[in-house]
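S.K.: just to be clear, the model below is a prediction. Sequence and coordinates:
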Amino acid sequence: MRTVAQLSEGMNRRSFLQGPLGLLAAPLVADAQPAAKRHRIGLLAGSSPSSPESAHIWAGFFEGLRELGYVEGQNFVIEGRYYGDKIERRPTLAAELVRLQVDVIVAGAAPAPEAAKTATSTIPIVMANHADPVGGGLVASLGRPAGNVTGLSLFGPELRGKQLQLLKEVVPGLVSVAVLSDPTNPFQSLELKMVEAAARFLKLRLHVVQARAPSEFGEAFWLATKERAGAVFVLGGSMFTAHRARLVELAAKSRLPAMYTVKEYAEAGGLMSYGVNIRDSFRRAAGYVDKILKGAKPDDLPVEQPVKFAFAINLKTAKALGLKISPSVLLRADQVIE
């Protein structure tokens, strides 16, 4: 049995260890297991990751982050700002992300990257799917962005020509095409120039019809039929993509064969699409975010261009329009929807 003196001596020894030495030892234990830093990733886009029209596209981004070891709530948090059809809110929402001092801003389709760049020249910005970042003034060049913006470009100059060529092959005797454009999208003026150049080469006459909001879609298709267009070409843009079901419905009602820029339209019932895989572009955007969070500067990360394009065609829609798709066209399709 221990004596009172021995018990007292043990208590004094423990008190000593919990004194200066104990206080010095505590930080050493904490330093051995540092808490993971939680990065703040800002998202600026028309539609949120939870919206039905964009959920599967944003899922590519989060899939890419998971592949790189990121777990939401543990080593990163999301600050999302989404403007929907109220594009006038873009500057305010971009400014909010800047005030929150996020580590990086991931911007969806144009004009989200433009709004982010106007709001900050210091916070890195990753474009997930911009059509022409050089022509749009976001970067100095693809190889050397020369600023705080980098990411992914959607196409090369030849893409619009290929889209119109496929439309001409599918629609016999096609001579005129209505081009649906959103005049509030600053990039589409550049995009229209590419379409016009391709149309001249293919000897197609163009009629530009505009829609600034979904409420103007119906009038735009009415104008297309009034101009006796033989088909319609829907330009890229977050507003159009978000309301693709309505556009597909109007094209069917107007009996206009249509070419779209991403496969989601064909999957929604549109006649055909030719372009990049948007979900994959968002997944690859996660790689840019990872490099930036690890210290890389946007100026040192060249803008990526797509190396593979996908052609999708909906045979059910073709049949409803009375179109017979030739075997040569079907052989080139990456996705045939029946």
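M.R.: Here it is on my side, so go on.
S.K.: where does the prediction get shaky in the stretch 51-200 of the chain?
M.R.: Along the stretch 51-200 of the chain, the model assigns pLDDT under 70 to residues 155-157.
S.K.: show me where it has its helices.
M.R.: Along the stretch 51-200 of the chain, the segments classed as helices by DSSP state H, counting those that start in this stretch run 55-67, 90-99, 112-119, 159-170, 188-202.
S.K.: tabulate the ones you listed (TSV), appending mean neighbour count.
M.R.: Placement of C-beta: from N, CA and C, glycine included. Formatted as TSV, the helices of the stretch 51-200 of the chain follow (neighbours: other Cβ atoms under 10 Å):
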stretch	mean neighbour count
helix 55-67	18
helix 90-99	18
helix 112-119	24
helix 159-170	20
helix 188-202	17
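S.K.: same list, these, but as a markdown table with distance to Tyr82 please.
M.R.: What follows is the helices of the stretch 51-200 of the chain, written out as a markdown table (distance: least, Cβ to Cβ, whole Å):
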| stretch | distance to Tyr82 |
| --- | --- |
| helix 55-67 | 10 |
| helix 90-99 | 8 |
| helix 112-119 | 9 |
| helix 159-170 | 27 |
| helix 188-202 | 21 |
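S.K.: for those, which one sits closest to Lys319?
M.R.: helix 159-170 (12.6 Å; Cβ to Cβ).
S.K.: re the thing from before, how about the helices of the stretch 51-200 of the chain, which one is nearest Ala268?
M.R.: Across the helices of the stretch 51-200 of the chain, Ala268 has its closest neighbour in helix 55-67 (11.9 Å, Cβ to Cβ).
S.K.: from the chain's centroid, how far away is the closest one?
M.R.: On the basis of Cα atoms, centre = their mean, to the nearest Å, helix 55-67 sits 11 Å off its chain's mean C-alpha point.
S.K.: and for stretch 131-149?
M.R.: A distance of 16 Å separates the centroid of the chain from that of stretch 131-149, by Cα atoms, centre = their mean.
S.K.: can you list the buried residues in it?
M.R.: Residues Ala131, Asp132, Pro133, Gly135, Gly136, Leu138, Val139, Pro145, Gly147, Asn148, Val149 are the ones in stretch 131-149 that count as buried (16 or more other Cβ atoms under 10 Å).
S.K.: show residues contacting that stretch.
M.R.: 109-110, 113-114, 116-117, 120-127, 130, 150-151, 153-155, 186-187, 190-191, 236, 298-299, 301-303, 305 (Cβ atoms under 8 Å, 6 or more residues apart in numbering).
S.K.: if you set the cut-off to 7 Å instead, what comes out?
M.R.: By Cβ atoms under 7 Å, 6 or more residues apart in numbering, the surrounding residues in contact with stretch 131-149 are 110, 113-114, 117, 120-125, 127, 130, 150, 153-155, 186-187, 190-191, 236, 298-299, 302-303, 305.
S.K.: how long is that stretch from one end to the other?
M.R.: End-to-end span of stretch 131-149 (Cα to Cα, to the nearest Å): 14 Å.
S.K.: over to stretch 68-81?
M.R.: Taking Cα to Cα as the measure, stretch 68-81 stretches 24 Å from start to finish.
S.K.: if we can go back for a sec, the helices of the stretch 51-200 of the chain: which one's closest to Ala266?
M.R.: Across the helices of the stretch 51-200 of the chain, Ala266 has its closest neighbour in helix 159-170 (11.9 Å, Cβ to Cβ).
S.K.: about what we covered before: who wins for proximity to Ala320 among the helices of the stretch 51-200 of the chain?
M.R.: Closest to Ala320 of those, according to Cβ to Cβ: helix 159-170, at 13.7 Å.
S.K.: need the residues that contact the closest one.
M.R.: Outside of helix 159-170, the residues within contact range by Cβ under 7 Å, 6+ apart are 174, 177, 194-195, 198-199, 201-202, 204, 231, 233, 257, 259, 272, 274-275, 311, 323, 325, 329.
S.K.: just these: which are in strands?
M.R.: Val177, Ala231, Phe233, Met259, Met272, Tyr274, Gly275, Phe311 (DSSP state E).
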